[in-house]
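Novice: Pasting the sequence and the predicted model now:
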Amino acid sequence: MSLLQRLEVRQGQALVMTPQLLQAIKLLQLSHLDLAAYVDAELERNPLLERAEAENPGGQDAPEAPAPSDEGAGDDGFEGGEADSWLAPEMNPIRGEIDGDIDTRLDNVFQDETPTRVRESDAGDMLSLTPAPYGSTGGSFDAEAPDFEATLTSEVSLREHLAAQLDLATRDPIERLIGGFLIDAVDEAGYLRETVEAVAERLAASPALVTKVLTLVQSFDPAGVGARDLAECLAIQLRENNRFDPAMEALVSRLDLVAKRDFAGLRRLCGVNDEDLVDMLAEIRRLDPKPGRAFGSSAVEVLVPDVFVRAAPDGSWLVELNSEALPRVLVNQSYYARVSRTARAEGDKAFLSEALQNANWLTRSLEQRARTILKVATEIVRQQDGFFAHGVAHLRPLNLKTVAEAIGMHESTVSRVTSNKAIGTSRGTLEMKYFFTAAIPGAAGAAAHSSEAVRHRIKQLVDGETADNVLSDDALVQKLRDEGVDIARRTVAKYRESLRIPSSIERRREHSAQAVRVLA
């Protein structure tokens, strides 16, 4: 067997992922906020890109600045060719008067400045500006004043609020150090997420000293801040209101019974009757379980729809893109043509060519992204026509493969398009992923049902129950099967827990407590 080297020509097909293709795929799954940030970065990086401005509301173009006339102008564009340095005494008749007013020579005052050319007609204005009054530029108090934005107040964070109280509460530097560390360990809800032992070990302090400083921090406003769990947070607030008696202490120590609505057990534990227990539970509900949420809370991000769906006069649905969520950019071809004529270096030419290629690619990718989103949204609306017409109960089971086969795209492309996108409907703004639900088989060969529709039906059944007829999970299964939904009991329990609906025993106790409140 001999080893030989030879050349062969073979023809084949291969998928090459170019950087432009990778970026186009990335653009599909970006939300409108991430896309706006990406486009802003490209506008700063690429000089050939510019943002498409809105049309003039008046319907007229803005007047252009008149071009300077070459006729009768000097080298600097001034009339008569008399534009000379205003620092030249032989050409400026007021130079001597200015020198006398400021008691020095203009060469010394503006020796580091680039000479500026002025007209002779502006000489009178220069005399009126010397000496410079307060309020003008150059050595005035107003010139050193901060910007208007610097005078605006900012929202006080929880840490700043607690640190200000710590400075007034103690002068001991060690206690201030420990208190500052504890304040840094408080989360946005106002709870301390570090144990006393861990803080003491990290700061090489005694646990007793850390506990003392923690008690000091827990006395700060808002009441309940610095607590290590919910029971301690409620206890701090009750002490602040002078309502932490033995009965209330027993109630706070067994919040698990409160969650289970075991009112009989709570009455025995606290030693109170039904009326007192109702008052105690009402007082617990008035407390704030998250005392730190009123300080420095982050702004809630509003879900902005990428597509709007509205009913047409003929009963169909109109699907249109939200123009506010689509960044509009243009390629400045005239600027490229003007700059490319003056480019001489190979590096400059290569930069301009790459910038033009990237600019054209970005505009095409944005257009393709918009068309793809509109195409996928239109198919979703067609598949879920019953939801838009009648509500959640008529939501159909749907998966990515069904939409992909209907519009002739790959399943992964549909997944990227529906990620971080929303549809604005008459029933609210919903994420596109909301319309893709699992299928639950129908009873006796009936059509499959959407899991979201079944979950909605469970909530309706629970909301319609009475104190004498509380539905158990088995009863819910039987009612759903009577309606043609073949569902298991564990699935009903899972959906009920996802809706945060208590069990039938807890709901029965809640109905009993409500009846006691009505009688009281």
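Specialist: Yes, it's here.

Novice: got the residue ranges for the strands in the stretch 301-450 of the chain?
Specialist: 307-311, 317-321, 329-331, 422-425, 428-431, 439-440, 449-450 (DSSP state E, counting those that start in this stretch).

Novice: and these, which is most packed in?
Specialist: For those, the largest average neighbour count (mean count of other C-beta atoms under 10 Å) is found in strand 449-450, namely a mean of 25. (Glycine included, C-beta is placed from N, CA and C.)

Novice: So which elements touch the helix or strand following that strand?
Specialist: Next helix or strand after strand 449-450 toward the C-terminus (DSSP states H and E): helix 451-463. Identification of packing neighbours for helix 451-463 by 3 or more C-beta pairs under 8 Å, 6 or more residues apart in numbering; DSSP states H and E yields strand 439-440, helix 473-482, helix 489-498.

Novice: Would you mind giving those as JSON lines with mean pLDDT added?
Specialist: Formatted as JSON lines, these follow (pLDDT from 0 to 100):
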{"stretch": "strand 439-440", "mean pLDDT": "86"}
{"stretch": "helix 473-482", "mean pLDDT": "90"}
{"stretch": "helix 489-498", "mean pLDDT": "92"}
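
Novice: Distance to residue 514 added to these, as TSV?
Specialist: Compiled in TSV, the helices and strands packed on helix 451-463 are given as follows (distance: least, C-beta to C-beta, whole Å):
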stretch	distance to residue 514
strand 439-440	33
helix 473-482	20
helix 489-498	20
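
Novice: Could you give the separation of the helix or strand hosting residue 181 from the chain centroid?
Specialist: For residue 181, the element it lies in under DSSP H and E is helix 173-184. Relative to its parent chain, helix 173-184 has a centroid offset of 32 Å by C-alpha atoms, centre = their mean, to the nearest Å.

Novice: on that earlier part again, a markdown table please, covering the strands of the stretch 301-450 of the chain and showing distance to residue 251.
Specialist: Listed next are these as a markdown table, based on distance: least, C-beta to C-beta, whole Å:
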| stretch | distance to residue 251 |
| --- | --- |
| strand 307-311 | 50 |
| strand 317-321 | 54 |
| strand 329-331 | 62 |
| strand 422-425 | 43 |
| strand 428-431 | 39 |
| strand 439-440 | 42 |
| strand 449-450 | 42 |
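
Novice: Residue 416 is nearest to which of the ones you listed?
Specialist: Closest approach to residue 416 among the strands of the stretch 301-450 of the chain (C-beta to C-beta): strand 428-431, 14.1 Å.

Novice: Sheet-wise, list the partners of the closest one with their directions.
Specialist: strand 422-425 (antiparallel) (DSSP bridges).

Novice: Looking at the helices and strands packed on helix 451-463, spot the one closest to residue 285.
Specialist: Going by C-beta to C-beta, the one of these nearest residue 285 is helix 489-498, 22.4 Å.

Novice: Measure how that closest one sits relative to helix 451-463, angle-wise.
Specialist: Helix 489-498 and helix 451-463 are oriented at 80 degrees to each other (axes from the mean of the first three to the mean of the last three C-alpha atoms, to 10 degrees).

Novice: Mind giving me the packing neighbours of helix 489-498?
Specialist: helix 451-463, helix 473-482.

Novice: now the angle between helix 473-482 and it, please.
Specialist: Using the same axes, to 10 degrees: helix 489-498 against helix 473-482 is 110 degrees.

Novice: what's the distance between helix 489-498 and the middle of its chain?
Specialist: Offset of helix 489-498 from its chain centre (C-alpha atoms, centre = their mean): 32 Å.

Novice: do stretch 396-407 as well
Specialist: Its chain's C-alpha centre and that of stretch 396-407 lie 30 Å apart, by C-alpha atoms, centre = their mean.

Novice: what residues does stretch 167-183 touch?
Specialist: 159, 162-163, 166, 192, 194, 199, 202-203, 205, 209-210, 212-214, 216-217, 219-220, 226 (C-beta atoms under 8 Å, 6 or more residues apart in numbering).

Novice: low-confidence ranges in this protein?
Specialist: Scanning the chain for pLDDT under 70 picks out 1-2, 15-17, 54-154, 296-301, 444-445, 515-520.

Novice: Could you tell me the end-to-end distance of stretch 291-306?
Specialist: When the termini of stretch 291-306 are compared using C-alpha to C-alpha, to the nearest Å, they are 36 Å apart.

Novice: distance of residue 206 from residue 174?
Specialist: Distance of residue 206 to residue 174, given as C-beta to C-beta, to the nearest Å: 11 Å.

Novice: Next: residue 501.
Specialist: Taking C-beta to C-beta, one finds residue 501 at 51 Å from residue 174.

Novice: Can you tell me how far residue 263 is from residue 48?
Specialist: Using C-beta to C-beta, residue 263 is found at 72 Å from residue 48.

Novice: Which of residue 501 and residue 174 has more residues huddled nearby?
Specialist: Counting neighbours by other C-beta atoms under 10 Å for residue 501 and for residue 174 shows that residue 501 has the greater number, 17 against 12.

Novice: what's the burial count for the residue nearest to that one when sequence neighbours are not counted?
Specialist: Excluding the flanking residues, the one nearest residue 501 by C-beta to C-beta, 6 or more residues apart in numbering is residue 462, at 5.4 Å. By other C-beta under 10 Å, 17 other residues sit near residue 462.

Novice: Quick one: residues contacting residue 462.
Specialist: By C-beta under 8 Å, 6+ apart, the contact set of residue 462 is 471, 476, 496, 501, 507.

Novice: hmm, 10 Å instead?
Specialist: With contact taken as C-beta atoms under 10 Å, 6 or more residues apart in numbering, residue 462 is in contact with 470-471, 476, 496, 499, 501-502, 504, 507.

Novice: Make a markdown table out of these and add distance to residue 276.
Specialist: Converted to a markdown table, the contacts of residue 462 look like this (distance: C-beta to C-beta, whole Å):
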| residue | distance to residue 276 |
| --- | --- |
| 470 | 26 |
| 471 | 31 |
| 476 | 35 |
| 496 | 32 |
| 499 | 32 |
| 501 | 28 |
| 502 | 23 |
| 504 | 27 |
| 507 | 23 |
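
Novice: May I see the PyMOL selection of the buried members of these?
Specialist: Buried subset of the contacts of residue 462, written as a PyMOL selection, criterion 16 or more other C-beta atoms under 10 Å:
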select buried, resi 470+471+476+496+501+502+504+507
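
Novice: I'd assumed residue 481 was in contact with residue 454.
Specialist: No. Under the criterion of C-beta atoms under 10 Å, residue 454 makes no contact with residue 481, lying 11.4 Å away.

Novice: Can you list the buried residues in the helix ranked longest in the chain?
Specialist: Assignment by DSSP state H gives helix 346-383 as the longest helix of the chain. Across helix 346-383, burial judged by 16+ other C-beta under 10 Å covers 352, 355-356, 358-359, 362-363, 365-366, 369-370, 372-381, 383.

Novice: cool, and stretch 231-245?
Specialist: In stretch 231-245, counting by 16+ other C-beta under 10 Å, buried: 231-240, 244.

Novice: Counting neighbours, what do you get for residue 201?
Specialist: Residues lying near residue 201 (other C-beta under 10 Å) number 12.
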